[in-house]
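Asker: For reference, the sequence and a predicted model appear below.
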Amino acid sequence: MSRPIPKDFILGAATSAWQTEGWSGKKDGQDSYLDEWFKKENFVWHNGEGPDIATNFMVQYQEDIDIMQDIQLTHYRTSINWSRFFTDYEACTVDEDYANHIDQVIDGLVAAGVEPMICLEHYELPKFLSDKYDGWSSKKVVELYVKYAAIVFERYGDRVKNWFTFNEPIVVQTRVYLDALRWPHEQNSKRWMLWNFHKTLATAKVIKLFREKGYEGRVGCILNPEMVYPRSSSKEDQAAAHYYDLFYNRVFFDPMVLGTYSPEFMQLCIENDIYFDPTEEELALIKQYTVDFLGVNQYYPKRIKAQRFAWAEDQPFHPTKYYEEFDLPGRQMNKSRGWEIYPQIMYDMAMYLTENYPDLTWLVAENGMGQENEQQFKNADNIIQDDYRIEFISQHLSQLLRAVDDGARCEGYMLWAFTDCVSPMNAFKNRYGLVEIDLDDHRKRVKKKSADWYRTLITDRVLDI
Ligand code: BG6
């Protein structure tokens, strides 16, 4: 079967600053939260690979841009590393070396016919601000972030038209404060919700600034909603799925798109002592400055069932008070990553958005497949034959295009990732790229089979499946 791809439908690729840059030229004191975690708990990063070298993009970025041009990529999403952008985070003293690097990357992309889409924070919260203000717990950090955004817009707003405030704003505090899985392993559910709120507030403030200054372009945020599937049609399973959706998806969707939190959500926060005490003025700002568009990251479905056990009130609050996860027997798995593969999430999420947020314009900002030990798939010419990735993309994209046919306001699909890159714990174990990064040969870039396949997809605009 062949599916035509609409002329203006974006086929791009994504990454982030910290997962590619490496520390070349980094100055003392410019650590981010991730750099700090890498130093403190090096053992959890697979083979000790981390942000220190990453893909060495700081030095080798032109090689990547040349390959983008070769495969005729039209859109590339990355971030600016807040922790490297300043030498003083409170006085907002710009590190001109780093700022020039960003200029060069943007100019290189534009010259290659690739539109840059830039995110202001892909987990790159400066360590200094975590130490001094407890990170996003503090309104001072919200204020400093808005100053950072103002300087970035002023410098690059002439060439960048698509901005995102955060990538997956729920993730860091969920791993750190809600689940205590990551350094510094502190459980604090109230702080979890406060960080959620402050990132929403920061987004509204940045949108206000952008509009008041009259820049051309748009500002959105990249969320990672999980398509929730209740185990059954029983009212208990349905209710459990509803609570999951409220705490992990609508916590950002509702205020960012509709400008309001639902009364049910607010009441649950109060009842569970995780209320974030917004002022009337803050709520009015969130109401007025909703996003221009959203990026939506999609990897796996979330299967939920009703909880079996009574909640012990003397433990810290966790949304599992209202649900349990459900392992569907026989589900298809990406065994390298431990994530279920279920391409229909693309269609179902598109329909969820169409139904609940009909005026929202959005694009898939990440979708992709991490595969372990890709070396085993090399052919005689040393090219990775990643047919599994081609199949993964095809199946997911097909579902997305079906949703577009059915009226979804989805502008495009960005693959995670353009090149292999590092990520927390996973490091370089599971590879996501269209382009291999050879760790044994000076981070040499080698296109995988999927890179040439993606080029054909971009130029021919037909998906064969
Ligand atoms: C996304 C993040 O959620 O998942 C990326 O935005 C991340 O930063 C990607 O790399 C894949 O996850 P992982 O842990 O397999 O690298």
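Answerer: Okay, I see it.
Asker: Tell me who's in contact with the residue in the stretch 351-465 of the chain that the ligand sits nearest to.
Answerer: Closest approach between the stretch 351-465 of the chain and the ligand, counting by CB to the nearest ligand atom: residue 423, at 2.9 Å. Every residue, glycine included, has its C-beta placed from N, CA and C. Counting by CB atoms under 8 Å, 6 or more residues apart in numbering, residue 423 touches residue 19.
Asker: Any figure for the gap between it and residue 210?
Answerer: 29 Å (CB to CB, to the nearest Å).
Asker: got it, and residue 363?
Answerer: For residue 363, the distance to residue 210 - CB to CB - is 19 Å.
Asker: Same check on residue 29?
Answerer: Applying CB to CB to residue 29 and residue 210 gives a distance of 29 Å.
Asker: More neighbours: these two, which one.
Answerer: residue 210 (22 against 13; other CB atoms under 10 Å).
Asker: hang on, isn't the more buried one packed against residue 163?
Answerer: Yes - look at residue 210 against residue 163 with CB atoms under 8 Å: they come within range, at 7.3 Å.
Asker: and the stretch 51-200 of the chain, which residues reach the ligand?
Answerer: 167, 168 (CB under 6 Å from any ligand atom).
Asker: what's the residue closest to the geometric middle of this protein?
Answerer: In the chain, the centroid-proximal residue (CA atoms, centre = their mean) is residue 167; its distance is 3.8 Å.
Asker: Excluding residues flanking it in the chain, which one is nearest it?
Answerer: Nearest-residue entry for residue 167: residue 122, 4.0 Å, with adjacent residues in sequence omitted and distances by CB to CB, 6 or more residues apart in numbering.
Asker: Which residues are in contact with the one you found?
Answerer: So residue 122 contacts 16, 17, 18, 19, 79, 166, 167, 168 (CB under 8 Å, 6+ apart).
Asker: Which one of those residues is nearest to residue 154?
Answerer: residue 79 (17.7 Å; CB to CB).
Asker: Now do residue 59 against the ligand, distance only.
Answerer: Distance, residue 59 to the ligand, using CB to the nearest ligand atom, to the nearest Å: 21 Å.
Asker: which residues touch the residue nearest to the centre of the chain?
Answerer: 16, 79, 119, 121, 122, 123, 222, 295, 297, 365.
Asker: Wasn't the last one part of a strand?
Answerer: Yes - per DSSP: H, G, I helix; E, B strand; the rest coil, residue 365 lies within a strand segment.
Asker: follow-up on the earlier one: please flag which of the contacts of residue 122 sit within helices.
Answerer: Among these, no residue falls in helices (DSSP state H).
Asker: Next up, phi/psi of the residue located most distally from the centre of the chain, please.
Answerer: Distance from the C-alpha centroid of the chain peaks at residue 380, with 35.6 Å (CA atoms, centre = their mean). Main-chain torsions, residue 380, degrees, to the nearest 10: phi -60, psi -20.
Asker: Residue 238 - how many residues pack around it?
Answerer: 14.
Asker: Would you confirm that it contacts residue 229?
Answerer: No - the pair residue 238 / residue 229 is not scored as a contact, 10.7 Å apart, by CB under 8 Å.
Asker: quick one: contacts for residue 61?
Answerer: Taking CB under 8 Å, 6+ apart, one finds 104, 105, 108 in contact with residue 61.
Asker: when you check the residues you listed against the helices, which ones overlap?
Answerer: Those of the contacts of residue 61 lying in helices (DSSP H): 104, 105, 108.
Asker: okay if I get these as TSV plus neighbour count?
Answerer: Shown next, in TSV, are those (neighbours: other CB atoms under 10 Å):
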residue	neighbour count
104	13
105	24
108	18
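Asker: out of those residues, who's nearest the ligand?
Answerer: residue 105 (18.2 Å).
Asker: pLDDT value on that closest one, please?
Answerer: Note for residue 105: predicted pLDDT of 98.
Asker: List the contacts of it.
Answerer: Contacts of residue 105 by CB under 8 Å, 6+ apart are 61, 65, 78, 116.
Asker: my read: the last one touches residue 79, true?
Answerer: Translated: residue 116. No - the criterion here is CB under 8 Å, and residue 116 misses it with residue 79 at 10.7 Å.
Asker: Comparing these two, which residue is more hemmed in?
Answerer: Neighbour count, other CB under 10 Å: between residue 116 and residue 79, residue 79 has more, with 25 against 21.
Asker: does that one have beta-bridge partners, and which?
Answerer: residue 119 (DSSP bridges).
Asker: That one: what's it in contact with?
Answerer: Taking CB under 8 Å, 6+ apart as the test, what residue 79 contacts is 16, 17, 18, 118, 119, 120, 121, 122, 124, 167.
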